[in-house]
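Visitor: Sequence and computational prediction follow.
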Amino acid sequence: MKNEGVPIVQEGLPFLLVLALVTLAALIGGWGWLALPLALLTGFTAFFFRNPERLAPVGSALVASPADGKVIFVGEAHEADFLKDERLKVSIFMSLFDVHVNRVPVDGTVKDMKYHRGRFLAAFEETASEENERNVILLETGKGIRLVMAQVAGLVARRIICYPGVGAFVLKGQRMGLIRFGSRCDVYFPKSAEVLVKVGDKVLGGETILAQLKDS
């Protein structure tokens with residue numbers, strides 16, 4: 001999987017390089033008034049694309065958060081892409097100040113994937129789950145339990161990146177992609193799962209336990 005063991009994700013390097021060169025040009029040109037805000041913007045870009053190491057929870061039944069951010073929804077919802085039934089859903093909102101690297105929530109296989117073009121509503125709006133641009137991934141654990149994860153673009157997000165393809169075996173906590181500049185992640189669990197977070201909780205991608213799966 002991409003971006004293992006590097007402090008900044010590769011997708012952020014072009015932005016950093018351009019900003020650093022423009023900042024340097026402003027300094028050389030004697031435009032200190034312009035160089036300072038450019039330097040601050042360069043620093044924030046490095047901060048936004050940061051890529052910290054995380055320690056995934058041990059245990060096949062434990063589901064890790066796919067993203068950093070704030071839990072904004074916990075409850076029942078209809079999963080319309082693959083399973084087409086009522087599920088338990090947890091939604092996580094990523095602000096501009098959260099890490100935007102997405103993580104694999106469980107060990108398993110990517111069984112299917114769908115990309116939807118859509119709108120760019122504010123990601124904290126519940127209608128964003130169905131109306132915004134999004135990438136939806138069907139995961140199956142070794143015990144045959146199926147989960148659905150959705151990467152959802154937000155108000156200013158304009159690109160969703162997902163590394164694994166259909167058929168790939170993935171490990172919990174692995175980096176699986178990112179969403180540029182503000183977004184959300186939704187996870188749909190079987191109704192038998194025990195959700196361990198509540199609305200308002202802050203979570204860390206690849207580390208915080210969202211739920212515990214049951215065999216039936």
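Guide: Everything's here; your move.
Visitor: Assign a three-state SS to the residue of the chain most remote from its centre, would you?
Guide: Within the chain, the residue lying farthest from the chain centre (C-alpha atoms, centre = their mean) is residue 30, at 40.4 Å. Assigned with DSSP: H, G, I helix; E, B strand; the rest coil, residue 30 falls in the coil class.
Visitor: any idea how far residue 74 is from it?
Guide: Distance, residue 30 to residue 74, using C-beta to C-beta, to the nearest Å: 55 Å. From N, CA and C alone the C-beta is placed, and that goes for glycine too.
Visitor: Tell me the span between the first and last residue of stretch 168-188.
Guide: End-to-end distance for stretch 168-188: 20 Å, by C-alpha to C-alpha, to the nearest Å.
Visitor: Quick check, central residue of the protein?
Guide: By C-alpha atoms, centre = their mean, the mean C-alpha position of the chain lies nearest to residue 102, the distance being 3.4 Å.
Visitor: Test my guess that that one contacts residue 180.
Guide: No. Look at residue 102 against residue 180 with C-beta atoms under 8 Å: they stay out of range, at 11.5 Å.
Visitor: burial measure for the residue nearest to residue 51 when sequence neighbours are not counted, as a count.
Guide: Nearest non-adjacent residue to residue 51, counting by C-beta to C-beta, 6 or more residues apart in numbering: residue 9, 4.9 Å away. By other C-beta atoms under 10 Å, the residues close to residue 9 number 20.
Visitor: same check, this time on residue 191
Guide: For residue 191, the neighbour count with other C-beta under 10 Å is 10.
Visitor: and stretch 99-118, how far from the chain's centre?
Guide: Distance of stretch 99-118 from the chain centroid (C-alpha atoms, centre = their mean, to the nearest Å) equals 8 Å.
Visitor: Dump it to PDB, restricted to CA.
Guide: Provided in PDB are the C-alpha atoms of stretch 99-118 (Å, rounded to 0.1, in the frame of the first residue of the first chain):
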ATOM      1  CA  VAL A  99      -5.400  14.000   9.300                       C
ATOM      2  CA  HIS A 100      -6.900  13.200   5.900                       C
ATOM      3  CA  VAL A 101      -5.300   9.800   5.300                       C
ATOM      4  CA  ASN A 102      -8.000   7.100   5.300                       C
ATOM      5  CA  ARG A 103      -7.400   3.700   6.900                       C
ATOM      6  CA  VAL A 104      -8.700   0.200   6.500                       C
ATOM      7  CA  PRO A 105     -11.200  -0.600   9.200                       C
ATOM      8  CA  VAL A 106     -10.900  -4.400   9.200                       C
ATOM      9  CA  ASP A 107      -8.700  -7.200   7.900                       C
ATOM     10  CA  GLY A 108     -10.500  -8.500   4.800                       C
ATOM     11  CA  THR A 109     -11.000  -8.500   1.000                       C
ATOM     12  CA  VAL A 110     -12.200  -5.600  -1.100                       C
ATOM     13  CA  LYS A 111     -15.200  -7.400  -2.800                       C
ATOM     14  CA  ASP A 112     -16.600  -4.400  -4.800                       C
ATOM     15  CA  MET A 113     -16.300  -0.700  -5.300                       C
ATOM     16  CA  LYS A 114     -18.400   2.100  -6.700                       C
ATOM     17  CA  TYR A 115     -17.600   5.700  -7.500                       C
ATOM     18  CA  HIS A 116     -20.400   8.200  -7.700                       C
ATOM     19  CA  ARG A 117     -20.200  11.700  -9.100                       C
ATOM     20  CA  GLY A 118     -22.300  14.100  -7.100                       C
END
